[in-house]
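**Q** Mind looking at a prediction? Sequence and model below.
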Amino acid sequence: MDRRAVYGPRDGTVLSQQLQHRSDDIPEGDIDIVLQAKRADGVFCNYFKDHDMHVRVLDVLHQIGFYGVYRCGRLVYDCHLITALVERWRPETHTFHFRVGEATITLEDVQIIWALSIDGLPVTGLDIERSTEEWQIYCREYLGFSPDEEAFKDSRLHTHAIMNFIRTVEITHDTPRPTVVQYTRIAMLLLGGLMCPDSSGNMVPLLYLSKLEEINAARNYSWGSPVLAFLYRELCHASLKGKAAIGGALQLLQIWAWSRIISLSPGLGVERLYMDQVQVNIDRFLPAAPYGAIWNCRHNFTRTVRTTVRVIRDILDNMQEDQFIWQPYDMDSDRIMAYAADFTPELWRSTCLLIFYTIMEIHHPERVLRQFGMRQNIPEMPDSRDMTLHQISRKARTGTDWGVQHILHIRRWKRRCDTIVNRPSISNERHTERGYWEWYNNITRHFVSSSTSRRVESRYQPGDGCMRDIVAEQIQALRLSNQPRPTDVEGLSRLLDRYDATVDNICHAF
């Protein structure tokens with residue numbers, strides 16, 4: 001059987017890395033590998049379940065733009081769901097290839113879910129090389145304590161050393177401002193274990209602490225774009241054959257999927273977090289928790305599934321157009337409106353370069369225009385040169401000034417307002433431009449599950465998706481021609497049922 005004719009891509013010019021992609025092994029039976037999720041926020045989040053963060057620290061977090069991340073709390077990861085999504089992630093396009101078209105997590109999702117700033121300076125610069133003693137002095141100045149020598153590994157700091165210090169500190173209304181700022185920097189480092197977790201799972205990088213030295217200047221950076229860049233890099237890495245773990249902002253990814261994929265979205269039950277405004281003083285309040293916090297609750301799965309990667313994979317393989325929500329956010333809701341003044345919605349549609357020191361990834365809103373209420377056209381071919389960005393690493397590169405090394409890429413970020421995509425709005429009749437479905441069905445990977453290609457799906461499929469199922473069924477039927485013809489009534493009846501089902505599908509397709 002020609003697997004490309006059934007599974008895709010039939011035209012490999014877009015998904016050129018299919019032979020290296022983890023989905024390529026699944027039809028051969030290698031289907032039970034569930035990715036391990038890397039994170040380094042457990043100790044921090046568990047501590048603050050029992051110890052409220054002081055309002056003065058929350059106030060500084062709000063001033064620098066990380067208040068929303070903290071207010072969303074910590075979710076338990078569904079590694080089966082994450083694995084099934086990774087199997088449909090394509091490093092060539094930075095999108096998920098679903099039966100209903102391409103979709104991806106964008107700067108819009110980062111800003112709405114976590115209320116992170118996406119506009120501003122790129123997070124890059126000098127990767128300073130320091131001795132352990134120099135790091136101890138640096139931490140004393142900017143974090144308020146000097147960790148033991150064994151707490152360091154290169155330019156990373158063990159989370160237990162940080163938590164041991166936090167347990168000794170009590171912030172009050174009388175605490176000096178410099179101490180509050182030092183405490184806030186510590187909270188920022190630990191939140192980094194949620195947003196950009198180290199592969200070890202118990203250490204946090206000190207690299208971006210330099211951007212917090214002048215706490216009032218921290219707001220000038222685009223923090224949402226490096227968080228998304230890091231997630232893209234992890235998705236690309238995990239999508240390759242043989243990979244066993246994934247990091248990045250998987251909480252963002254999981255909320256993104258729950259918000260959009262109806263058949264996988266849990267029901268929302270009793271809230272686990274305090275969701276309302278926080279009073280700073282008699283005249284001032286901090287906003288209520290952002291959109292992402294509504295998912296930190298007790299979930300019920302009475303109308304959806306929470307199950308193994310095999311079942312989720314099968315659900316995604318048979319996704320219908322009405323099972324994916326392209327625009328899930330109620331922009332008039334209180335949780336979104338509370339942060340809307342800081343939103344930069346025009347940049348949600350910017351085809352720009354996301355930068356985080358050595359990590360640079362392309363943001364492709366032009367491939368997912370329906371997520372912005374626009375008709376999807378056939379996007380341009382991905383630039384093969386962008387794939388080479390995955391090869392850049394910090395290993396043995398300490399002392400490098402990445403702001404100088406990547407000056408051309410930084411200039412590309414500075415032109416982000418010049419690359420905002422605009423297309424006609426979706427109408428009731430047309431969600432895509434003419435020719436899109438013919439193109440997409442040629443270049444995409446239709447199926448991941450090894451069983452889907454053998455099952456007829458009688459419901460409507462977008463474009464000629466139904467015809468793909470019919471072709472798959474016919475290939476399976478033709479394989480019967482190499483077997484002895486049934487002579488018994490039961491065998492002939494089964495064969496007749498198969499052809500009746502095929503005729504029914506042709507009727508549904510047209």
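**A** Yes, it's here. Computed from a predicted model, the values in this text were never measured in an experiment. Numbers count the residues shown, from 1 in each chain.

**Q** Tally up the residues packed near residue 381, please.
**A** 12 (other Cβ atoms under 10 Å). All C-beta spots, glycine's among them, are computed from the backbone N, C-alpha and C.

**Q** That one and residue 143, how far apart?
**A** From residue 381 across to residue 143, the span is 47 Å (Cβ to Cβ, to the nearest Å).

**Q** ditto for residue 385
**A** Distance, residue 385 to residue 143, by Cβ to Cβ: 40 Å.

**Q** pLDDT at the residue nearest to residue 444 when sequence neighbours are not counted, what is it?
**A** Leaving aside its sequence neighbours, residue 444 sits nearest to residue 97 (Cβ to Cβ, 6 or more residues apart in numbering; 4.8 Å). According to the prediction, residue 97 has pLDDT 98.

**Q** One more: residue 5?
**A** At residue 5, pLDDT is 68.

**Q** What distance do you get for residue 405 to residue 290?
**A** Per Cβ to Cβ, residue 405 is found 35 Å from residue 290.

**Q** likewise residue 167?
**A** Distance from residue 167 to residue 290, by Cβ to Cβ: 28 Å.

**Q** which one of those two has more residues nearby?
**A** Higher neighbour count among residue 167 and residue 290: residue 290, with 23 against 10, using other Cβ under 10 Å.

**Q** isn't the more buried one right next to residue 339, touching?
**A** Yes: with contact defined as Cβ atoms under 8 Å, residue 290 reaches residue 339; the gap is 5.9 Å.

**Q** between these two, what contacts are shared?
**A** 68, 115 (Cβ atoms under 8 Å, 6 or more residues apart in numbering).

**Q** Tell me if I am right that residue 80 is in a strand.
**A** No: if the criterion is DSSP: H, G, I helix; E, B strand; the rest coil, then residue 80 is helix and not within a strand.

**Q** What's the separation between the closest residue to it other than its chain neighbours and residue 267?
**A** Nearest residue to residue 80 in three dimensions, chain neighbours excluded: residue 309, at 4.3 Å (Cβ to Cβ, 6+ apart). The gap separating residue 309 from residue 267 is 21 Å, by Cβ to Cβ.

**Q** The two - which one has more neighbours?
**A** Neighbour count, other Cβ under 10 Å: between residue 309 and residue 267, residue 309 has more, with 25 against 12.

**Q** what sits against the more buried one?
**A** 31-32, 34, 80-81, 83-84.

**Q** count of neighbours near the residue lying closest to residue 325 once chain neighbours are set aside?
**A** Once flanking residues are discounted, residue 325 sits nearest to residue 260: 4.8 Å by Cβ to Cβ, 6+ apart. For residue 260, the count of nearby residues is 21 (other Cβ under 10 Å).

**Q** do the same with residue 49
**A** Look at residue 49: counted by other Cβ under 10 Å, it has 11 neighbours.

**Q** Likewise for the one 5 residues further on?
**A** Residue crowding around residue 54 was assessed by other Cβ under 10 Å; the count is 18.

**Q** And for residue 59?
**A** Residue 59, neighbours per other Cβ under 10 Å, totals 17.

**Q** And for it, nearest residue in space, chain neighbours not counted?
**A** That would be residue 280: by Cβ to Cβ, 6+ apart, it lies 5.5 Å from residue 59.

**Q** same thing with residue 93?
**A** residue 382 (5.5 Å).

**Q** Just say helix, strand or coil for that neighbour.
**A** Applying three-state DSSP: residue 382 is coil.

**Q** show me what contacts it?
**A** Taking Cβ under 8 Å, 6+ apart, one finds 14, 92-93, 364 in contact with residue 382.

**Q** residues in contact with residue 356?
**A** 123-124, 196, 225-227, 229-230.

**Q** among those residues, which ones are buried?
**A** 123-124, 196, 225-227, 229-230 (16 or more other Cβ atoms under 10 Å).

**Q** ok, how many other residues are close to residue 345?
**A** 14.

**Q** What segments of the stretch 151-300 of the chain are helices?
**A** 159-166, 177-195, 224-238, 250-260 (DSSP state H, counting those that start in this stretch).

**Q** Could you provide the ones you listed in JSON lines, with additional columns for distance to residue 376 and mean pLDDT?
**A** As requested, those are arranged in JSON lines below (distance: least, Cβ to Cβ, whole Å; pLDDT from 0 to 100):
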{"stretch": "helix 159-166", "distance to residue 376": "43", "mean pLDDT": "93"}
{"stretch": "helix 177-195", "distance to residue 376": "30", "mean pLDDT": "92"}
{"stretch": "helix 224-238", "distance to residue 376": "21", "mean pLDDT": "96"}
{"stretch": "helix 250-260", "distance to residue 376": "15", "mean pLDDT": "97"}
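
**Q** My read is that residue 267 contacts residue 298, right?
**A** No: under the criterion of Cβ under 8 Å, residue 267 makes no contact with residue 298, lying 9.2 Å away.

**Q** which phi and psi does the closest residue to residue 293 other than its chain neighbours have?
**A** What sits nearest to residue 293 in space, not counting adjacent residues and going by Cβ to Cβ, 6+ apart, is residue 72, at 4.6 Å. Backbone torsions of residue 72, given as degrees, to the nearest 10, read phi -80, psi -20.

**Q** Rounded mean pLDDT for stretch 271-278, please.
**A** 87.

**Q** which residues touch it?
**A** Contacts of stretch 271-278 (Cβ under 8 Å, 6+ apart): 55, 58, 71-73, 285-289, 293-294, 296-298.

**Q** are any of these buried, and which?
**A** With burial judged by 16+ other Cβ under 10 Å, the buried subset of the contacts of stretch 271-278 is 58, 71-73, 286-289, 293-294, 296-297.

**Q** Which of these fall within strands?
**A** Counting by DSSP state E, the part of the buried ones among the contacts of stretch 271-278 found in strands is 286, 297.

**Q** Closest one of the buried ones among the contacts of stretch 271-278 to residue 184?
**A** Set against residue 184, the nearest of those by Cβ to Cβ is residue 58 (9.0 Å).

**Q** List the contacts of the closest one.
**A** Per Cβ under 8 Å, 6+ apart, neighbours of residue 58: 67, 70, 278, 286.

**Q** any idea how far residue 118 is from it?
**A** Distance, residue 58 to residue 118, by Cβ to Cβ: 21 Å.

**Q** ditto for residue 88
**A** Taking Cβ to Cβ, one finds residue 88 at 25 Å from residue 118.

**Q** okay, those two: which has more neighbours?
**A** With neighbours defined as other Cβ under 10 Å, residue 88 and residue 118 compare such that residue 118 has more, 27 against 23.

**Q** and the gap between the residue nearest the centre of the chain and residue 101?
**A** The residue lying closest to the centre of the chain (Cα atoms, centre = their mean) is residue 253, at 3.5 Å. With the distance defined as Cβ to Cβ, residue 253 ends up 18 Å from residue 101.

**Q** do the same with residue 339
**A** As judged by Cβ to Cβ, residue 339 and residue 101 stand 29 Å apart.

**Q** Which one's more surrounded, the two?
**A** residue 101 (24 against 19).

**Q** and the more buried one, what are its bridge partners?
**A** With DSSP bridges as the criterion, residue 101 is bridged to residue 98.

**Q** separation between it and residue 319?
**A** For residue 101 relative to residue 319 (Cβ to Cβ), the value is 10 Å.

**Q** How about residue 445?
**A** Applying Cβ to Cβ to residue 445 and residue 319 gives a distance of 13 Å.

**Q** That's all I had, so thanks and see you.
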